[in-house]
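>>> sequence unavailable; structure follows:
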């Protein structure tokens, strides 16, 4: 939402300032210049990147305009889910988690969190790590190194579309100059004609440079920067999961592991101690009520 507002502010401010100087907006409407710049920029992205990165770029645009999904509520739900899962391991033993991690969709705990099941990267990160812990014989340090390696690979993959889009942004001013040079060539061919016609062609050529710079610094560059921040948000989320599971493997009780993980949550979305405690107590009370009803 804020990305859309920001784009409207950028283009609105440029248009308003131009009109305040008694400019004619019709002069800026140069479809041919936009085709040259936009088409060439898209072409450079197609040449430089394989299909899987192109798909991530498209998905990244959707994420930018949709906002970050790693908000405080998501962290609360995640901490509660992991508390329930680890609490089961503490009470019934690690082997009791085997059915949950082998088929998360049928797990009484994990099936309550459809967003977790839908994101296969996060789901596999948790389930594969817990699977290694259940199998036994793996030291907490080795598990931590394994999770770090997994996070590094995923973070590298998530930054590839950002780099591709940043490269596209860097190329736009140069492509604007290309459009401007082509406009000058056309202007040279019109020399000797009416002054109005020559002036119009010169203006069209300059609009090419203007569009290239505006699209670079006013649209594509900021979108790439926003995508980079979303990638960092996702990396921070993985780090919280890593801290939580590592703490539990080292022998910390589930509630202590959750608290350690809470301290690792970025400050602007970090839930308070009381909020997390209330969430976990809710799961405890509901579990106790279910056990009493079963008895």
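Arrived safely, thanks for sending. As the structure is a prediction and not an experimental result, all values here were calculated from the model. Numbers count the residues shown, from 1 in each chain.
>>> which of the residues in stretch 48-60 are buried?
By neighbour count with 16 or more other CB atoms under 10 Å, stretch 48-60 contains the buried residues 49, 53, 56-57, 60. For glycine as for every other residue, the C-beta is placed from the backbone atoms N, C-alpha and C.
>>> which of those residues fall within helices?
Counted as lying in helices by DSSP state H, out of these, are 53, 56-57, 60.
>>> from these, pick the one nearest residue 125.
Taking CB to CB as the measure, residue 125 sits nearest to residue 56 out of those, at 17.9 Å.
>>> check the gap between residue 163 and residue 149 for me.
21 Å (CB to CB, to the nearest Å).
>>> now do residue 237
Residue 237 sits 17 Å away from residue 149, taking CB to CB as the criterion.
>>> closest one of the buried residues of stretch 48-60 to residue 134?
When the buried residues of stretch 48-60 are ranked by distance to residue 134 (CB to CB), residue 56 comes first, at 32.3 Å.
>>> circling back: what's the closest of the ones in helices among the buried residues of stretch 48-60 to residue 67?
residue 60 (12.8 Å).
>>> quick one: low-confidence ranges for the stretch 101-250 of the chain?
Low-confidence segments of the stretch 101-250 of the chain (pLDDT under 70): none present.
>>> show me where it has its helices.
Counting by DSSP state H, counting those that start in this stretch, the stretch 101-250 of the chain has helices at residues 114-118, 120-135, 140-189, 195-215, 221-249.
>>> mind checking those for the one nearest to residue 30?
Using CB to CB, the helices of the stretch 101-250 of the chain put helix 195-215 closest to residue 30, at 4.6 Å.
>>> buried ones in that closest one?
201-212, 214-215.
>>> one more: stretch 125-137?
Quick answer for stretch 125-137 (16+ other CB under 10 Å): 125-127, 129-130, 132-134.
>>> check stretch 226-244 too.
In stretch 226-244, counting by 16+ other CB under 10 Å, buried: 226-228, 230-235, 237-244.
>>> for stretch 166-186, same thing?
Neighbour-count burial for stretch 166-186, counted by 16+ other CB under 10 Å, picks out 166-169, 171-173, 175-176, 178-180, 182-184.
>>> residue 222: which of those residues is nearest?
Among these, residue 169 lies closest to residue 222 (CB to CB), at 8.7 Å.
>>> report the buried residues of stretch 89-96.
Applying 16+ other CB under 10 Å to stretch 89-96 flags 89, 94 as buried.
>>> nearest to residue 155 among the buried residues of helix 195-215?
Using CB to CB, the buried residues of helix 195-215 come closest to residue 155 at residue 215, 27.9 Å.
>>> ok, the nearest residue to that closest one once chain neighbours are set aside to residue 34 distance?
Leaving aside its sequence neighbours, residue 215 sits nearest to residue 172 (CB to CB, 6 or more residues apart in numbering; 5.0 Å). Distance of residue 172 to residue 34, given as CB to CB: 11 Å.
>>> try residue 236
38 Å.
>>> next one: residue 104
Distance, residue 104 to residue 34, using CB to CB: 47 Å.
>>> kindly report the same for residue 195.
According to CB to CB, residue 195 and residue 34 sit 26 Å apart.
>>> residues in contact with the residue lying closest to residue 181 once chain neighbours are set aside?
Leaving aside its sequence neighbours, residue 181 sits nearest to residue 205 (CB to CB, 6+ apart; 7.8 Å). By CB atoms under 8 Å, 6 or more residues apart in numbering, residue 205 lies in contact with 179-184, 186-187.
>>> now the residues you listed as a markdown table including distance to residue 20?
Output for the contacts of residue 205, formatted as a markdown table (distance: CB to CB, whole Å):
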| residue | distance to residue 20 |
| --- | --- |
| 179 | 26 |
| 180 | 25 |
| 181 | 30 |
| 182 | 30 |
| 183 | 26 |
| 184 | 28 |
| 186 | 30 |
| 187 | 28 |
